[in-house]
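Engineer: Below is the sequence, then the predicted model.
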Amino acid sequence: MPDLDRDSPAGAVLEALGFAVFVRDKSGALRLSGTPPDWLRSIWPDVASAASLPIDHASPFLENFLVDAGGCWSAGGEKRARSGPWVEQAADGIELSLEATALTAGGQAILLLERLGEIFEAKKSMLQKARETVIAYQRLNSEMQKKEILLNCISEEMNAALANVITSLRLIEMEKNPAQIAQLLSLASRATEEQQTLINKVLNVFAAELEGLRGRNGMAIAEAKLGDALLAAEENVASQFADKGVRLSITGNGLAGIRVAMDSTHLTRVLSTLLENGLQSAPAGDEVRLNFAEESGSILIRVTDNGPSFPKDICANLFSRATTATPGPQALQLPFQFCRIAVENCEGEIGYESRKDGGNSFWIMLPTLAATK
Amino acid sequence: MIQKKICMIGASGVGKTSLIAKFVHSMFSDKYLTTVGVKIDKKTVSVDGSEVMLMIWDLEGDDDYQRLQTSYLRGTSGYLLVADGTRQITLDQAIEIQGRVVAAIGPLPFLLALNKADLAPQWEIDEARTDSLSARGWRSFKTSAKEGAGVEEAFIELGRMMTQSK
Ligand SMILES: Nc1nc2c(ncn2[C@@H]2O[C@H](COP(=O)(O)OP(=O)(O)O)[C@@H](O)[C@H]2O)c(=O)[nH]1
Ligand SMILES: [Mg+2]
């Protein structure tokens, strides 16, 4: 086979594609055909003068591949062997990704060296994303398993504590002796305390989740379409509204195309929480109103009901950051805490107003993202 | 000087590339850059007074996207099997891959590196698990490519096992 001339069309095409072609001679040496591309010289500077590939001492990877190549060459015919990608370092420290192919052409054993380009880079970034996703999924999965186990154990313990309370109460009912009664009472009261501790444990599990959400600041910017999130929230609550015979009336316009910087599942959860809350206080057969109004650069969403206003002390702590030891109000606050963190995370605000003429009104204000085409 | 080829084997993201970076270049980065293809690094170590040049092959993690190519294992004197201590599943994967390696190239010296030891609060692999592995003759090291703990020890111990088992 004649040498590939760099100036011949075939040689120029191979070079432009980032290929270097080697032909195996009778002695078994791999002789460069044509002029070496610059990248080849940057890795093995003496390849041009020697005109053969100094594989044995220069590249342990190629040396290893030549075993597979040898098998392919002796088989001849259509058979090919590919090395898979590998990295060589150029003299200037830059890393180049290469791939080798062994094939037989015109009765001669050919080794093609290719400098991998854009397609390889695209494949790499796809693999990067895929692997990151797998790892994130594994972490989430094991996190969920741990929580499930924990909650299961706690429920079992709560059940045991509750059984103690019930037994003590039954015995107290039948007991006449005051000393015995006192003892049973203290037993029951210890069991209730135990239960309270366990309930707090459960709340702490979710408190950690809220912390995690708080930590999302500075991560990749999430984005949600308000219209979609609202539809999903409506779907979430539809059957509960139907059960109680409460209507949901939605007013406002220009919803289409509004996007906010919040994870869409979080936004759906925030809206569902507000609607569920409205439903809870709304009288049966009445209605809950959701109104949205776009203002310059932000959107105000208000959920209003005609139910009895929340007591003052609860209002004061509705969105409180403080987690108290008393389980009662904390349980009520938990979904609101979630709302507050999610809303504040995208630089929005959340608030509550009790209306003069009765009823409650919750509002959130979210900065909107500029429309993109 | 004696030359020994060793391969880094294990699931994706367990820290194979990071262990090499720490051992060879004393560097660590928190950013995850997946390895695609093979990269070879060299480092000379002193094993019981004699110099050994380690040729360390960083292989692409074995996963659904890319299976371990056994042709890369040809001529290796031993391997470091790496698992991520904060992801229990990567230990199961390491055990499964090790089975394939033995089927391909037979029994060779290897060490299990339970990496990311610096992340103690997230650690998922309990003593019972490692005990049952050592009962099978597996030797394991806790390593941290981030803080360096156990890294040099693991490579040198592997070097020792390989020079002794000629
Ligand atoms: N905290 C910690 N992170 C590590 C350690 N080793 C690797 N990592 C991180 O884990 C991720 C995957 O590491 P990499 O070396 O690319 O894994 P490979 O796919 O097995 O080569 C990277 O984000 C590393 O920064 C370690 O010992 N401790
Ligand atoms: Mg890697």
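Structural biologist: Received it, and whenever you're ready, just let me know what you need. Ligands and ions are numbered 1, 2, ... in the order given.
Engineer: Which parts of the chain are helices?
Structural biologist: Answering for chain A, as no chain was given. With DSSP state H, the ranges of helices along chain A come out as A:9-16, A:38-43, A:47-50, A:55-58, A:60-75, A:118-174, A:178-214, A:226-244, A:264-281, A:312-317, A:327-345.
Engineer: please go with chain B instead
Structural biologist: Under DSSP H, chain B gives helices at B:16-25, B:88-105, B:127-135, B:151-164.
Engineer: Could you export the ones you listed as TSV, including mean pLDDT?
Structural biologist: Formatted as TSV, the helices of chain B follow (pLDDT from 0 to 100):
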stretch	mean pLDDT
helix B:16-25	97
helix B:88-105	96
helix B:127-135	93
helix B:151-164	95
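Engineer: just the ones you listed: most buried one?
Structural biologist: Across these, averaging neighbours per residue (mean count of other CB atoms under 10 Å in any protein chain shown) puts helix B:16-25 on top, at a mean of 21. Where you see a C-beta, it was placed from the backbone N, CA and C, and this is true even at glycine.
Engineer: Which elements pack onto that one?
Structural biologist: strand B:2-10, strand B:38-47, strand B:50-58, strand B:78-84, strand B:110-115, helix B:151-164 (3 or more CB pairs under 8 Å, 6 or more residues apart in numbering or on different chains; DSSP states H and E).
Engineer: Paired strands for the second one, with orientation please.
Structural biologist: Here the strand partners of strand B:38-47, with direction, are listed using DSSP bridges: strand A:86-89 (parallel), strand B:50-58 (antiparallel).
Engineer: I'd like to know how far B:Glu96 sits from B:Asp63.
Structural biologist: 12 Å (CB to CB, to the nearest Å).
Engineer: typo on my end, A:Ala160
Structural biologist: 44 Å.
Engineer: So for these two, which residue has more residues nearby?
Structural biologist: B:Asp63 (17 against 13; other CB atoms under 10 Å in any protein chain shown).
Engineer: Can you check what pLDDT the model gives that one?
Structural biologist: Looking at B:Asp63, its pLDDT stands at 88.
Engineer: again, but for A:Gly215
Structural biologist: A:Gly215 is given a pLDDT of 49.
Engineer: same deal with the one 4 residues further on?
Structural biologist: For A:Met219, the pLDDT comes out at 44.
Engineer: returning to what we had before: out of the strands paired with strand B:38-47, which is closest to A:Ser272?
Structural biologist: Closest of the strands paired with strand B:38-47 to A:Ser272 is strand B:50-58, at 47.6 Å (criterion: CB to CB).
Engineer: So for the closest one, mean pLDDT?
Structural biologist: 96.
Engineer: and it, which residues are buried?
Structural biologist: Going by neighbour count (16 or more other CB atoms under 10 Å in any protein chain shown), the buried part of strand B:50-58 is B:Val52, B:Leu54, B:Met55, B:Ile56, B:Trp57, B:Asp58.
Engineer: The fourth one pairs with what?
Structural biologist: Judged by DSSP bridges, the bridge partners of B:Ile56 are B:Ile6, B:Asp41.
Engineer: these two touch, right, it and B:Val38?
Structural biologist: No - B:Ile56 is beyond contact range of B:Val38, at 10.8 Å (criterion: CB atoms under 8 Å).
Engineer: chain center to stretch A:80-93, what's the gap?
Structural biologist: Relative to its chain's centre, stretch A:80-93 lies at 34 Å (CA atoms, centre = their mean, to the nearest Å).
Engineer: Kindly report the same for stretch A:363-373.
Structural biologist: 22 Å.
Engineer: what's next to that stretch, contact-wise?
Structural biologist: A:223, A:226, A:257-262, A:270, A:274, A:294, A:297-303, A:339, A:343, A:346-353 (CB atoms under 8 Å, 6 or more residues apart in numbering or on different chains).
Engineer: When you filter those residues down to buried only, what's left?
Structural biologist: Buried among these (16+ other CB under 10 Å): A:226, A:258-262, A:270, A:274, A:298-303, A:339, A:343, A:346, A:348, A:350, A:352.
Engineer: Out of those, which are close to chain B?
Structural biologist: Here nothing survives when the buried ones among the contacts of stretch A:363-373 are matched to chain B using CB under 8 Å from any CB of the partner chain.
Engineer: can you list the residues of chain B near ligand 2?
Structural biologist: Proximity of chain B to ligand 2 (CB under 5 Å from the ion) is limited to residues B:Lys16, B:Thr17, B:Thr35.
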